[in-house]
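**Student:** A predicted structure for the sequence below; I have some questions about it.
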Amino acid sequence: MPDGKIYWYVLFARTGAEERLAERLRVKLGEGYLPFVPQKTCVFRRQGKKSFFQKVCFPGYLFIESDKPAAEFMEYAFPIVYKQKEAYRFLCYGDKNDIAMRDEERIALNVVLGDERKIDISIGFKEGDSVRVISGVLEGNESKIVRINKSRHEAVLALQMFNNTVSVTVGLEFIEKMPEAPVNGGRMKKDETKLHIESLTPYPNHPFALYEGKHMKDMVESIREHGIISPIIVRLVDDGKYEILSGHNWVEAAKQLGLDEVPVIINEDLSDAEAALIVTDGEQSHTAVVCGFASFRVY
């Protein structure tokens, strides 16, 4: 029986057939099952003119929202879904029965996709070492940006799905400077400053391993080209030191690049419990590194 929760299930399907399959499954699955294919708005430029079109965010993947827990979903939906020749396998967390997306991942994705299940083009500008997004889905999600291609007006957004980091390229239009009246109620980050990198100290027993190899090299190159995209989150501790709560990998990459200072936001009067929550929630998005769907285990 439904337990009042909302669940997302992700189906690995034939690339190019996602939308046709979603439309068919809406009819066949019926009430309580909502197949959808996340979209993104793209821009085509030619001879100084722009035209907009929609494109699938995650080629080869179809989402199904349901109020049915995994066991009930599998019992009813699997026989219907697997009769479709375009349907392959559902993503899972290792156990083939563990197919419902974790709440924290679903909520984070839902914030980005919105009710329309679509990522529109964002607007931003570069200020010092940071990118400021003043409108669109990337506003407030700057920490999830891992790479920017200014010439192509694109940003690579890293998202968590089934314990893997996946990437999606989205539109990001740049303006020369911050308008006097922010677009769509956009806002600047407050209380941002710079600190000497030697004044920063890692969070004790930090639960995330620092990146190595290509992942760390990508972050170093990102800082070299665009600066640190999102400020490091810190709090003041003893002896004039600042404890890193979010952004450990960015700090390490900045050290490798030889930077003396990094942009930070200082949180004051935090309890240890509040600091631990920032470390757990913030670090995963702040240091996400791009990888593809290929590492997902499917059944």
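**Tutor:** Thanks, I have the structure now.
**Student:** This protein - how does it break down into domains?
**Tutor:** 7-119, 192-286 (automatic domain parsing).
**Student:** Would you format those as JSON lines with mean neighbour count and mean pLDDT included?
**Tutor:** C-beta here means a position set from N, CA and C on the backbone, and glycine is covered the same way. Putting those into JSON lines (neighbours: other Cβ atoms under 10 Å; pLDDT from 0 to 100) gives the following:
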{"stretch": "domain 7-119", "mean neighbour count": "16", "mean pLDDT": "92"}
{"stretch": "domain 192-286", "mean neighbour count": "16", "mean pLDDT": "80"}
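**Student:** and those as CSV, adding distance to Arg152?
**Tutor:** As requested, these are arranged in CSV below (distance: least, Cβ to Cβ, whole Å):
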stretch, distance to Arg152
domain 7-119, 9
domain 192-286, 13
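**Student:** And the ones you listed: which comes nearest Lys150?
**Tutor:** domain 192-286 (8.0 Å; Cβ to Cβ).
**Student:** How about the secondary structure of Thr193?
**Tutor:** strand (DSSP: H, G, I helix; E, B strand; the rest coil).
**Student:** Pull up the gap between the residue nearest the centre of the chain and Gly171, please.
**Tutor:** Residue closest to the average C-alpha location in the chain (Cα atoms, centre = their mean): Leu159, at 3.0 Å. The spacing between Leu159 and Gly171, counted by Cβ to Cβ, to the nearest Å, is 16 Å.
**Student:** Could you verify my assumption that Val133 touches Glu142?
**Tutor:** Yes - the criterion here is Cβ atoms under 8 Å, and Val133 meets it with Glu142 at 5.7 Å.
**Student:** Spit out the residues that contact these two alike.
**Tutor:** Common contacts of Val133 and Glu142 (Cβ atoms under 8 Å, 6 or more residues apart in numbering): none found.
**Student:** coming back round to it: what count of nearby residues applies to the closest residue to the residue nearest to the centre of the chain other than its chain neighbours?
**Tutor:** In this structure, Leu159 finds its nearest non-sequential neighbour in Val166, 5.6 Å apart by Cβ to Cβ, 6 or more residues apart in numbering. Residues lying near Val166 (other Cβ atoms under 10 Å) number 22.
**Student:** Surely Val166 and Ala158 touch.
**Tutor:** Yes - if you go by Cβ under 8 Å, Val166 and Ala158 touch, sitting 7.3 Å apart.
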